[in-house]
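**Q** give me a model of this one.
(chains A, B, C and D)
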Protein chains: 2
Amino acid sequence: MTNSPLIREETAAHVKRVAEDLHYTASTLGRGLVTGKTATIGVVVTTIRDPFIGEVVSGVEDVANEHGYTVLLACSQGDPHREISVIRSLQERRVDGVLVAASRVDSRYLEQVSAMKVPVVLINRFHPGGLTRSVMIDNVAAATVATRHLVQLGHRQIGYLGDQFGLQSDTDRFAGYREALAEADLPFLPELVSHGDGQPDGSVKAAHKLLSQRKKPTAIFCYNDMAALGALQAAASRKLQVPMDLSIVGFDDLFFAAYTQPPLTTIRQPMRRMGCQAAEILLKLLAGKPCDGTIAIEGQLMVRSSTAPPTARV
Amino acid sequence: MTNSPLIREETAAHVKRVAEDLHYTASTLGRGLVTGKTATIGVVVTTIRDPFIGEVVSGVEDVANEHGYTVLLACSQGDPHREISVIRSLQERRVDGVLVAASRVDSRYLEQVSAMKVPVVLINRFHPGGLTRSVMIDNVAAATVATRHLVQLGHRQIGYLGDQFGLQSDTDRFAGYREALAEADLPFLPELVSHGDGQPDGSVKAAHKLLSQRKKPTAIFCYNDMAALGALQAAASRKLQVPMDLSIVGFDDLFFAAYTQPPLTTIRQPMRRMGCQAAEILLKLLAGKPCDGTIAIEGQLMVRSSTAPPTARV
DNA sequence: CTGAAAGCGCTTACAG
DNA sequence: CTGAAAGCGCTTACAG
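**A** The predicted structure is shown next:
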């Protein structure tokens, strides 16, 4: 099916027509075997149920498709066993390159991906290595901006509702939170930080812990929008009005953030665009073009209605 | 790498060890060429950004993986051009079977999938044909249950906030809505139905249209939870209290439904399980086992706090 | 029981 | 310019 100027146009047209009538399409298996390319990229994620991941993968799929590539989906489910089986499956299928958008994967795993000797692009992750690149949001800076927003509204008791302790992005966002406190000369109060799981359920509990302090926070900066959903719920169940009694800021700007009641102030992370960029880097690498360093994305503060100055009640 | 009792165990172990050291994995390209199987299934969706789709695909990926299959992702984006290019791409890669979880695909498209001569399983879609099966929720029945719930609470002015007009599932849910009205001897009022787009943005507008009637509804049954998000927003911007001034019921029970304020009464659609079931049917078909008919899933009413009896104010 | 050959569907380099 | 052959990495049927 390779076009060539050596064949009479009408002949080519005829062949094409017949091929179409027969529903014939050249097999990439045969082609792949000889060219060593499959025009397929592996996308490794924790779970595709996560709306953050969905956005990223959508961007990836889009540019991949545009360039004739197809996406092989690999969900690790955060399970070490599946992590390795899923990687092997990509390797067996001889993907041309790999994209990883899984926040919670351990490093052995990235080691294994590297061992495939194909280009790999990491999203919101970093791993040194010749063929691996990253596109990541500047978590520290974005978290500082988010917390600073609360400081500027007049809050002095600001809580941090994190994801699981030890997760890189959690550590970074926490660092940004502390940085904003420090720059405003606010004391860091350990009892104002609580760790959930980056999901609504776990975050409700973590939020309650924060809100049951004797000196409770007037504002909470949440690890992500999922956690903010939990915080919103916890506030409602304690009859706290948001933002009058409690300000809440999230992170990600998932589709529902503009639709919570009240609409959520959050840091917008251009998830889809990050997916696109990551795919573009990968395709460049596959085309043999040089492409170095890690791309740092800036988060953007979206001020909506879940934040306000603290009310002066004691 | 095929195990065989004919080879000494220790030899096999040795070979395996060396293979592992060399990071060798048998290529499925060579194998596929001779066996005619790729252990790959194509999953066609509108867009992976849709949380409904994410859940379904997660289920599919799970059972596929468990059985040694890998998922090739194909997003049509509802674009006819991409629909065909994406199908071709699956065909070129010689997927063993196809799963379609795209609500808005036209039938020409399904025709093309059928022409691939591989088993296909449709989710929430029906298409006659020898090799195609379906797993679908009973939209009419579930919508009747949802509307009946409102009737039983005492509502007489019940609105329907639909998806785009003409979509099969919209038509079915609308039919269920009318059925519940009829069985309660309530008149059908055309001015109480409004069509959005199954997304929050478009549904806000559609909800406003409903709420600006002279005799406005005291309850709205929404096509899905996304639409309900829009209805919730519209209510809030009109200072209507949910559920006191307006009851709202959704459809799907997406992850955020339990976390809206107030938590959303909705029809739970077991999305993940539907994905699993669809994959299981496909795998059965691939194994040559007979497997017929379409599986009908029942929706489940989840009563939360967005519905209540209408207040007696005029 | 075992090892060499044929062949799956392609592309590419080469001989005519 | 064109057509036949070799070969990519596998599996399988077959000869020894």
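
**Q** next, the buried residues of stretch A:113-126.
**A** Neighbour counts over stretch A:113-126 (16 or more other C-beta atoms under 10 Å in any protein chain shown) mark A:113, A:114, A:116, A:118, A:119, A:120, A:121, A:122, A:123, A:124, A:125 as buried. All C-beta atoms are positioned from the backbone trio N, CA, C, and that covers glycine.

**Q** one more: stretch A:151-170?
**A** So, applying 16+ other C-beta under 10 Å, buried residues of stretch A:151-170: A:151, A:153, A:155, A:157-163, A:167, A:169-170.

**Q** with stretch A:101-111 instead?
**A** Of the residues in stretch A:101-111, A:101, A:102, A:103, A:105, A:109, A:110 count as buried by neighbour count, 16+ other C-beta under 10 Å.

**Q** list the contacts of the helix or strand that contains residue A:210.
**A** For residue A:210, the element it lies in under DSSP states H and E is helix A:200-211. Residues from elsewhere that reach helix A:200-211, judged by C-beta atoms under 8 Å, 6 or more residues apart in numbering or on different chains: A:159, A:161-162, A:192, A:194-197, A:216-217, A:220, A:222, A:226-231, A:233-235, A:238, A:240, A:246, B:255-256, B:258-259.

**Q** which of the residues in the helix or strand just after it are buried?
**A** Moving toward the C-terminus from helix A:200-211, the next helix or strand (DSSP H and E) is strand A:219-222. For strand A:219-222, burial by neighbour count (16+ other C-beta under 10 Å) applies to A:219, A:220, A:221, A:222.

**Q** what kind of secondary structure is the residue nearest to residue A:217 when sequence neighbours are not counted in?
**A** Using C-beta to C-beta, 6 or more residues apart in numbering or on different chains and skipping residues adjacent in sequence, the residue nearest residue A:217 is residue A:159, 3.6 Å away. The three-state label given to residue A:159 by DSSP: H, G, I helix; E, B strand; the rest coil is strand.

**Q** against residue A:31, how distant is residue A:159?
**A** To residue A:31, residue A:159 is 57 Å away according to C-beta to C-beta, to the nearest Å.

**Q** just confirm residue A:272 is within a helix.
**A** Yes: applying three-state DSSP, one finds residue A:272 inside a helix.

**Q** rewinding a little: ok, and which of the buried residues of stretch A:113-126 reach chain B?
**A** For chain B, the contacts drawn from the buried residues of stretch A:113-126 by C-beta under 8 Å from any C-beta of the partner chain are residue A:116.

**Q** any low-confidence regions in the stretch 1-150 of chain A?
**A** Confidence mapping of the stretch 1-150 of chain A against pLDDT under 70 gives the ranges A:1-22, A:105.

**Q** what about 80?
**A** Applying pLDDT under 80 to the stretch 1-150 of chain A picks out residues A:1-23, A:103-108.

**Q** can you map out the helices along it?
**A** Taking DSSP state H, counting those that start in this stretch as the criterion, the stretch 1-150 of chain A contains helices spanning A:9-21, A:28-35, A:51-66, A:80-92, A:107-114, A:139-152.

**Q** domain ranges for chain A, per the record?
**A** For chain A, automatic domain parsing gives the domain ranges A:1-36, A:37-138+A:271-298, A:139-269.

**Q** end to end, how far does the second one reach?
**A** In domain A:37-138+A:271-298, first residue to last residue: 34 Å (C-alpha to C-alpha, to the nearest Å).

**Q** which bits of the stretch 101-250 of chain A sit near chain B?
**A** Where proximity means C-beta under 8 Å from any C-beta, the interface of the stretch 101-250 of chain A facing chain B comprises A:115, A:116, A:117, A:200, A:229, A:230, A:232, A:233, A:236.

**Q** between all of those residues, which two are separated the most?
**A** Greatest spatial distance among those (C-beta to C-beta): A:117 and A:236, at 52.1 Å.
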